[in-house]
Each structure stands twice: as structure tokens, then as C-alpha cells.
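J.: quick one, what's the 3D model for this:
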Amino acid sequence: MPRARAHMILGMPIHAIGYHPSCWLMPGVPPDGAMRLDHAVNCARIAERGKLDFVFLADTGSVRNLDNPAIAREREFEHVKFEPVSLLAALATATRDIGLVATISTTYNHPYNVARA
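T.: Numbering: from 1, shown residues only. The predicted structure is shown next:
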């Protein structure tokens with residue numbers, strides 16, 4: 001029996017304006033990108049043009065301790081974040097050939113509502 005050819009699935013997380021605290025300094029990256037739908041759409045379209053399989057958005061059910069950050073990740077400037085399922089709905093209208101993936105907390109949402117989302 002012939003073996004099926006292996007296929008690597010590649011995705012890109014969309015995280016406000018990037019993962020590095022200085023990413024807003026890069027040319028073309030809007031410093032207020034975490035609050036702009038057009039920035040998220042642009043990121044998704046770049047991933048789509050790059051033939052990636054999906055874009056990913058992580059949900060969070062908490063507010064970080066910004067007054068006394070314990071780790072470098074908490075020292076970020078990102079205070080505003082789109083709710084992932086709503087943002088993916090907007091990205092669905094702006095993309096065509098890319099998967100849209102998000103996490104959603106079952107701690108703060110009932111499973112029925114998660115399935116509906």
C-alpha cells in the first residue's frame with residue numbers, strides 16, 4: 001500500500017501588532033493596530049497570500065496584572081484586544097482561502113454558546 005504524502009499545516013497567530021514590545025517601531029506597523037480592524041484584515045490577507053493554512057486568535061478571560069508585571073510578556077503595551085470570534089467573523093468577509101481559528105474559554109462561556117459561536 002502506498003503511503004500518503006505528509007502535509008505540514010502552517011498557521012499564523014494574529015496578536016495585536018506583534019509579539020515583540022518594539023514591533024510598533026517597524027515601518028508600516030500602526031502603533032494603534034490592536035484597535036484597528038484594517039490591521040487585522042491586512043495580517044490575514046498577508047497570511048493568505050503566503051499560502052498559509054489558517055490564522056489564529058487566542059482568547060483571554062482575564063486582565064493582566066499591569067501594575068506589577070511578573071514576566072516580560074505582561075509588560076506589553078497591549079491593553080485593548082478584539083474578542084476573537086467577532087474578529088474572525090469580520091476576517092471571514094475579507095478573506096477567501098484561509099482557515100480561521102480561535103480559542104474560547106469554557107470557564108466563562110457555556111459549551112452550548114461556544115458551539116454556537
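J.: quick check: mean pLDDT across the one helix or strand V55 maps to?
T.: According to DSSP states H and E, V55 maps onto strand 54-57. For strand 54-57, mean pLDDT rounds to 94.
J.: ok, stretch 41-49 next?
T.: 95.
J.: so what touches that stretch?
T.: G11, M12, I14, V55, A90, L91, A94, T95, R96, D97, I98, L100 (Cβ atoms under 8 Å, 6 or more residues apart in numbering). Glycine gets a C-beta too; all of them are placed from N, C-alpha and C.
J.: phi, psi of the second one?
T.: Pointing back at M12 there. For M12, the backbone dihedrals (degrees, to the nearest 10) come out as phi -130, psi 130.
J.: count the neighbours of the closest residue in space to it that isn't next to it in sequence for me.
T.: Excluding the flanking residues, the one nearest M12 by Cβ to Cβ, 6 or more residues apart in numbering is A47, at 4.4 Å. Counted with other Cβ atoms under 10 Å, the neighbours of A47 add up to 23.
J.: H110 versus R116, what's the distance?
T.: 10 Å (Cβ to Cβ, to the nearest Å).
J.: tell me which stretches of this protein form strands.
T.: Using DSSP state E, the strands of the chain run over residues 11-13, 54-57, 99-102.
J.: so which of those strands comes closest to K81?
T.: strand 54-57 (9.1 Å; Cβ to Cβ).
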